[in-house]
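Enquirer: predicted structure and sequence below. I'll ask about it afterward.
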Amino acid sequence: MLYASLKAVHLLAVIAWVGGMFFMLMCLRPAAQEVLEAPPRVRLMHATLRRFLRIVALAVLAIFLSGAAMIAMAWRDRAGAGLAFNMSLDWYAMVALFFVMLAVFLHVRLPLFGRVERAMAAEAWPDAGAALGAIRWEVAINLVLGIFVVVLVRLGAAA
């Protein structure tokens, strides 16, 4: 029951992160660009990103803690049965790509989002737009990695 609960938390956090990136890139940003001029568009994207980045920070924490707990439980169960614990290749890939995605997220959250905030404070709309453009590319990278992880793990589970 605990393992299933951890897996549910893990999956819901992944859905929030990956689904949020998809929504931002494919729905919100194009719509905002279509109907809003630069200052209100930048304000909207800033307000949305501020909220989304907080949610992603919580999702990252949930993913890390639930993932570590599930690995520890699998190791404990194998050791309790007198067996060696060998993580499958898809688990190694998931862990490695999590840390790559975490690094990208931290780069978006710390320097890039900070650039947006500073540009907004100075009402330098082209600079804010450029920072949002950089964020868009890094979020696109993380979206591709996130989709790859989901597909990889699903295919690994089918094997």
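Expert: Received, thanks. Residues are numbered from 1 along each chain as shown.
Enquirer: any weak-confidence spans in the protein?
Expert: 157-159 (pLDDT under 70).
Enquirer: for it, what spans make up the strands?
Expert: In the chain, no strands are defined using DSSP state E.
Enquirer: for this structure, which residue occupies the most central location?
Expert: residue 17 (4.2 Å; Cα atoms, centre = their mean).
Enquirer: spatially nearest residue to residue 3 (excluding sequence neighbours)?
Expert: Closest residue to residue 3 apart from its sequence neighbours, by Cβ to Cβ, 6 or more residues apart in numbering: residue 73 at 5.6 Å. Backbone N, C-alpha and C define where each C-beta goes, glycine included.
Enquirer: and for the one you found, the neighbour number?
Expert: By the criterion of other Cβ atoms under 10 Å, residue 73 has 13 neighbours.
Enquirer: same question, residue 20
Expert: The number of residues packed near residue 20 is 21, by other Cβ under 10 Å.
Enquirer: look up the closest residue to it, ignoring the ones flanking it.
Expert: Nearest in space to residue 20, with sequence neighbours left out and distances taken as Cβ to Cβ, 6+ apart, is residue 52 at 5.5 Å.
Enquirer: picking that back up, would you agree the residue nearest to the centre of the chain is in contact with residue 62?
Expert: No. Residue 17 lies out of contact with residue 62 (Cβ atoms under 8 Å); the separation is 9.5 Å.
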